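Peer 1: My questions are about this predicted structure, shown below with the sequence.
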Amino acid sequence: MKNYMITGGELITSGGPVPNEGLMIMRGKIALPGAMNPDSIYAGLSCSLNFLSGPNGGSGAQAKNACASPSPGLTRLPADAPSYETINAEGLYISPGFIDLHMHGGGGFDTSEGNTTSLRKMSIYHARGGTTSFLPTIAAGPSKVMEKALAAVSAQYLRTTRGASILGAHLEGPYLNPEKAGGQNRAYLRLPDVREMERFISAADGCLKMVTLAPELPGALDVIKLLNREGIVVSAGHSTATYEQTEEAIRAGMRHAVHLFNASAPLHHRNPGLVGAVLASREVSAEIIADGHHLHPSMLKLLREIKGKRGLVLITDAMASAGMSDGTYRFAGQEIEVNQGRATLKDGTLVGSTLTMSAAVRNMVLLGGLPLQEAVHMASLNPARALGIEDQKGTIAPGMDADIVLMDRDLNIKLTMVMGEVVYSDLP
């Protein structure tokens, strides 16, 4: 594995862009934010370098502990320090990599095809859009089809893809409300079944990380409790749940909501429903699809004001048609039409998107009027928090996974690095 020193450019921090004085990547980890030049490091971070250059590396928390008592001044890299390759980021933004919690496919491939080749192809395609890790999302289908898809994700879980890394699987269904099916196939929606969910968990073999269901359905609370015992994030969506039903689900352990406002009962001042309960809860993170179709631009800024920068998670909800030309495609056993990037069923119902994570970040800035650092936060640290992996991913800090993207001033992706490996580059 190569080591890298990223020079020049600006680091996207929580306070905004700051000049990058040198960012070293060693053995897939971020070693040195703020090195003064390629041959010197802050002494306060030299402990991180020594720690990370050991035989096994370490976690972000361990690196921080190792640096508990830094000494002032600069420290030269030891003579036997590993060699590195320089990446010139002059004129570019250096951002944490984007984490997509809800993505069905891309580049002509779909998670539900149930094979590792499709997953790798999707990974490569979405890395070009700044995604460094993601949850392949499985739409509602027959049990055997869903189990096959879970087994494929398990086979590729945390393995090299030459693109974005796979963090596990997200089941969007089959326990969704037919009244709010959206782009899901109503023929495959059914009531929650604890035994079927146990089979899904078994097929996933440890890689099932998130399940979306409609909390008002009979048996949903039992499934929520099972998922909580297994450490799987429970998400609400495709639902007509009342405010009270949603609150009950939150008390049972629901902590996330998919594509807020879409495929849910509308917010009403006398019947706030699921949307109102999610907006009112600090415990629940909310996904949004910032593609200019699913939400009015004014809603992007309004949601930021209500949920705060920590409460929103940018996703793509992308399908196989993402990155493809306009035309007819299939999703969840249905024909969909893509016209100018907008995907719909024949009756005009919106179905997923053709979005990339970099486009979602750009739209939050240009359409929603958010500062760049907040849009990046919603695409990196917030999804990491939702999965409980914020000690590994989502920020640029010593000991964190080296998942990094370089963007130009128009927020186009120029380079994507996953776990210290450059998987996409459009640099000169």
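Peer 2: On my side now, so go ahead. Numbers count the residues shown, from 1 in each chain.
Peer 1: CA atoms for contacts and neighbours, from now on please.
Peer 2: Will do.
Peer 1: Could you check what's spatially nearest to residue 141, not counting adjacent residues?
Peer 2: residue 188 (5.0 Å; C-alpha to C-alpha, 6 or more residues apart in numbering).
Peer 1: Tell me the buried residues in whichever helix or strand residue 198 is part of?
Peer 2: For residue 198, the host element (DSSP states H and E) is helix 194-204. Buried residues in helix 194-204, counted by 16 or more other C-alpha atoms under 10 Å: 194, 197, 200-201, 203-204.
Peer 1: Walk me through which strands the helix or strand following it pairs with, and which way each runs.
Peer 2: Toward the C-terminal end, the helix or strand that comes next after helix 194-204 (DSSP H and E) is strand 208-213. Here strand 208-213 has these sheet partners by DSSP bridges: strand 169-172 (parallel), strand 233-236 (parallel).
Peer 1: tell me the angle strand 208-213 makes with helix 194-204.
Peer 2: Going by axes from the mean of the first three to the mean of the last three C-alpha atoms, to 10 degrees, strand 208-213 is angled at 150 degrees with respect to helix 194-204.
Peer 1: Distance of residue 345 relative to residue 338?
Peer 2: 9 Å (C-alpha to C-alpha, to the nearest Å).
Peer 1: Ranking helices and strands of this protein by mean pLDDT, which lands last?
Peer 2: strand 40-42 (a mean of 39; mean pLDDT, DSSP states H and E).
Peer 1: now the strands: where do they sit in the stretch 51-200 of the chain?
Peer 2: 74-76, 85-88, 93-96, 98-103, 105-106, 109-110, 131-139, 165-166, 169-172 (DSSP state E, counting those that start in this stretch).
Peer 1: Tell me which of these lies nearest to residue 322.
Peer 2: strand 105-106 (4.7 Å; C-alpha to C-alpha).
Peer 1: hmm, back to that, any chance of JSON lines for the strands paired with strand 208-213, columns mean pLDDT?
Peer 2: JSON lines is the format used below for the strands paired with strand 208-213 (pLDDT from 0 to 100):
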{"stretch": "strand 169-172", "mean pLDDT": "98"}
{"stretch": "strand 233-236", "mean pLDDT": "98"}
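Peer 1: Turn those strands into JSON lines, columns for mean neighbour count and distance to residue 10.
Peer 2: Formatted as JSON lines, the strands paired with strand 208-213 follow (neighbours: other C-alpha atoms under 10 Å; distance: least, C-alpha to C-alpha, whole Å):
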{"stretch": "strand 169-172", "mean neighbour count": "27", "distance to residue 10": "33"}
{"stretch": "strand 233-236", "mean neighbour count": "26", "distance to residue 10": "34"}
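Peer 1: Need the ones you listed in TSV (columns: distance to residue 304).
Peer 2: Converted to TSV, these look like this (distance: least, C-alpha to C-alpha, whole Å):
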stretch	distance to residue 304
strand 169-172	25
strand 233-236	20
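Peer 1: Take stretch 293-303, keep the C-alpha atoms, and write them as PDB.
Peer 2: The C-alpha trace of stretch 293-303 is given here as PDB (Å, rounded to 0.1, in the frame of the first residue of the first chain):
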ATOM      1  CA  HIS A 293     -37.000  17.000  -7.500                       C
ATOM      2  CA  HIS A 294     -37.900  15.400  -4.200                       C
ATOM      3  CA  LEU A 295     -37.800  18.600  -2.100                       C
ATOM      4  CA  HIS A 296     -38.300  22.200  -3.000                       C
ATOM      5  CA  PRO A 297     -35.100  24.200  -2.500                       C
ATOM      6  CA  SER A 298     -36.600  26.300   0.300                       C
ATOM      7  CA  MET A 299     -37.200  23.000   2.200                       C
ATOM      8  CA  LEU A 300     -33.500  22.300   2.200                       C
ATOM      9  CA  LYS A 301     -32.700  25.400   4.300                       C
ATOM     10  CA  LEU A 302     -35.900  25.000   6.400                       C
ATOM     11  CA  LEU A 303     -34.900  21.400   7.300                       C
END
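Peer 1: And the average pLDDT for it is what?
Peer 2: Across stretch 293-303, the average pLDDT comes to 96.
Peer 1: Go through it and flag the buried ones.
Peer 2: Of the residues in stretch 293-303, those buried (16+ other C-alpha under 10 Å) are 294-295, 297, 300-301, 303.
Peer 1: Off-centre distance for that stretch?
Peer 2: 19 Å (C-alpha atoms, centre = their mean, to the nearest Å).
Peer 1: do stretch 331-348 as well
Peer 2: 24 Å.
Peer 1: Now do it: distance from first to last residue.
Peer 2: Note: stretch 331-348 ends 15 Å apart using C-alpha to C-alpha.
Peer 1: contacts for it?
Peer 2: 112, 139-141, 183-185, 293, 319-322, 325-330, 350-354 (C-alpha atoms under 8 Å, 6 or more residues apart in numbering).
Peer 1: same deal with stretch 83-90?
Peer 2: 2-9, 406.
Peer 1: Could you point out the helix or strand that follows whichever strand or helix holds residue 300?
Peer 2: Element membership for residue 300 (DSSP H and E) is helix 297-311. Downstream of helix 297-311, the next assigned helix or strand under DSSP H and E is strand 312-314.
Peer 1: List the contacts of that following strand.
Peer 2: In contact with strand 312-314 (C-alpha under 8 Å, 6+ apart) are residues 100, 285-290, 303-304, 357, 360-361, 378-379, 382-383.
Peer 1: Return the subset of these lying in strands.
Peer 2: 100, 285-288 (DSSP state E).
Peer 1: Kindly provide the distance from residue 214 to residue 174.
Peer 2: Residue 214 is 9 Å from residue 174, where distance means C-alpha to C-alpha.
Peer 1: Just the buried subset of the contacts of stretch 331-348, please.
Peer 2: By 16+ other C-alpha under 10 Å, these give 112, 139-141, 183-185, 319-322, 329, 350-354 as buried.
Peer 1: rewinding a little: for residue 224, which of the strands paired with strand 208-213 is the nearest?
Peer 2: Between these, strand 233-236 lies closest to residue 224; by C-alpha to C-alpha that is 6.5 Å.
Peer 1: Only alpha carbons, please: show the closest one as PDB.
Peer 2: What follows is strand 233-236, C-alpha atoms only, in PDB (Å, rounded to 0.1, in the frame of the first residue of the first chain):
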ATOM      1  CA  VAL A 233     -30.300   0.600  12.900                       C
ATOM      2  CA  VAL A 234     -34.000   0.900  12.600                       C
ATOM      3  CA  SER A 235     -35.300   3.400  10.100                       C
ATOM      4  CA  ALA A 236     -38.900   4.600   9.400                       C
END
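Peer 1: All set, thanks.
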